[in-house]
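In: build me a model from this:
(one chain, ligands or ions: 2)
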Amino acid sequence: MLLEVQDINVHYGKIAALKGMSIEVGEGEIVSLIGANGAGKTTTLKTISGLRPLTSGRILFDGKDISKTPGHKRVELGIGQSPEGRGVFPGMTVQENLLMGAYTRKDDLKADLAEVYELFPRLNERKTQFGGTMSGGEQQMIAIGRALMTKPKVLLLDEPSMGLAPMLIAQIFDIIREINKRGTTVLLVEQNAQQALKLSDRAYVLETGEVVKSARGAELLDDPQVRAAYLGGDLGV
Ligand SMILES: Nc1ncnc2c1ncn2[C@@H]1O[C@H](COP(=O)(O)OP(=O)(O)OP(=O)(O)O)[C@@H](O)[C@H]1O
Ligand SMILES: [Mg+2]
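Out: Ligands and ions are numbered 1, 2, ... in the order given. Sure thing, here's the model as predicted:
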């Protein structure tokens with residue numbers, strides 16, 4: 001397994017956000033986390049990328065315990081995150097924003113930058129526009145592109161479709177599939193469970209900080225409980 005999250009507990013003060021949570025992500029997979037607001041999806045990603053400390057449990061990456069490894073070192077190891085709410089630097093150009101993702105890298109960035117521009121032609125057209133003046137969907141592209149510039153082995157995506165128009169949502173999901181096809185493992189958090197499950201090899205259902213179900217994406221799409229709770233009942237049949 002590329003990434004193993006083993007029995008982790010994570011707290012915000014006295015509040016337990018994750019309670020004995022375990023997930024695994026194999027190399028080459030797309031794995032989704034679905035669950036209601038407050039279930040602990042963002043906390044899971046932040047804990048994997050090192051932005052939140054563990055109370056207990058451990059996280060293995062490439063078989064090594066990274067539970068205490070600082071966040072910037074995890075980026076160097078190959079854990080790239082596109083955060084919830086995007087976090088684009090408003091006063092930097094599109095290109096500067098992308099290059100921020102690679103600031104610790106010493107190798108040649110040209111090919112990766114070209115690849116990001118190929119995946120997101122819109123960013124290519126707007127290289128010199130300030131990040132803060134890009135539309136919501138375009139800022140989402142910057143955030144994903146910036147994470148790709150870290151050259152991750154696993155890309156953690158928190159709600160990449162949030163706030164996007166339906167056509168752009170479909171495009172973002174296509175791009176995630178393409179990123180995966182080119183060799184990057186993906187751990188995806190999505191409210192848009194229907195599309196996330198369609199795209200995913202496997203998925204975990206999170207409820208109040210615990211995994212209550214895990215199965216292949218296609219299986220969860222057909223699961224009556226999952227349908228009722230996360231897929232809007234009979235919609236999308
Ligand atoms: N900074 C914080 N301080 C205190 N509690 C927090 C903080 N961040 C998150 N929590 C709590 O931890 C729990 C899990 O939150 P988290 O953001 O991981 O949920 P989520 O599944 O990503 O939800 P959403 O779908 O709304 O993004 C929630 O009960 C939330 O209120
Ligand atoms: Mg969240």
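
In: in what element of secondary structure is the residue most central in space within the chain found?
Out: Geometric centre of the chain, nearest residue: Leu157, 1.4 Å, by Cα atoms, centre = their mean. Following DSSP states H and E, one finds Leu157 within strand 154-158.

In: the residue nearest to the centre of the chain against Asn192, yeah?
Out: No - Leu157 is beyond contact range of Asn192, at 11.7 Å (criterion: Cβ atoms under 8 Å). (Glycine included, C-beta is placed from N, CA and C.)

In: need the residues touching each of those two.
Out: Residues touching both Leu157 and Asn192 (Cβ atoms under 8 Å, 6 or more residues apart in numbering): none.

In: which one is Glu84 nearest to, not counting chain neighbours?
Out: Asp158 (3.9 Å; Cβ to Cβ, 6 or more residues apart in numbering).

In: do Asp112 as well
Out: Met149 (5.8 Å).

In: can you get me a residue count around Asp223?
Out: When neighbours are counted by other Cβ atoms under 10 Å, Asp223 registers 16.

In: gap between it and Ser82?
Out: The gap separating Asp223 from Ser82 is 28 Å, by Cβ to Cβ, to the nearest Å.

In: surely the residue nearest to Asp112 is in contact with Thr104?
Out: No - here Met149 does not reach Thr104: they are 10.4 Å apart, not a contact under Cβ under 8 Å.

In: comparing those two, which residue is more hemmed in?
Out: Per other Cβ under 10 Å, whichever of Met149 and Thr104 has more neighbours is Met149, with 22 against 10.

In: check contacts around that one.
Out: Leu98, Leu99, Met100, Gly101, Ala102, Arg105, Leu109, Asp112, Leu113, Val116.

In: weed out the non-buried ones from those.
Out: Neighbour counting by 16 or more other Cβ atoms under 10 Å classes Leu98, Leu99, Met100, Gly101, Ala102, Leu109, Asp112, Leu113, Val116 among those as buried.
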